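Visitor: I'd like to go over a predicted model; first the sequence, then the structure.
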Amino acid sequence: MIRDRGLIKFQPAHFMPEHRKLLYQLTVDGKKQLKPELDEQEFEEIGFVVMDSLNSTIPIRITIWQNGFLKSITGIMTKVDLLMKYIVFETDNNQRTLKVEEITAVERV
């Protein structure tokens, strides 16, 4: 008499934890974006909006690029250091220090 595995042979194979981690990393890497290149006019516009927020305490939304992803932060500028190339940005609950080269867009809220 032949004894087979029954319905077990039709069940999908289970993934090992290493395989799951690799598949997750591949999907994350597929969603990453290249850093947008800004021209001189966009740099100038960013500078105007940042200085306007610093002088008049106007809330702005800054879009930054970090590790392949774009993030938006809303708040008010508190300090701009052109020598060290960073800004201090006050959000609702804390202060953040951002590098100037991370900034990709700025808009008034």
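Guide: Sure thing, it's come through.
Visitor: how far does stretch 97-109 stretch from one end to the other?
Guide: In stretch 97-109, first residue to last residue: 20 Å (C-alpha to C-alpha, to the nearest Å).
Visitor: list the buried residues in that stretch.
Guide: 98, 100, 103-106 (16 or more other C-beta atoms under 10 Å). (C-beta placed from N, C-alpha, C; glycine too.)
Visitor: what of stretch 27-35?
Guide: So, applying 16+ other C-beta under 10 Å, stretch 27-35 has no buried residues.
Visitor: what's it in contact with?
Guide: 65, 67-70, 104 (C-beta atoms under 8 Å, 6 or more residues apart in numbering).
Visitor: check stretch 58-78 too.
Guide: Residues contacting stretch 58-78 (C-beta under 8 Å, 6+ apart): 31-36, 49-50, 52-54, 57, 87-92, 95-96, 98, 102-109.
Visitor: hmm, back to that, taking the contacts of stretch 27-35 one by one, which sit in strands?
Guide: 65, 69-70, 104 (DSSP state E).
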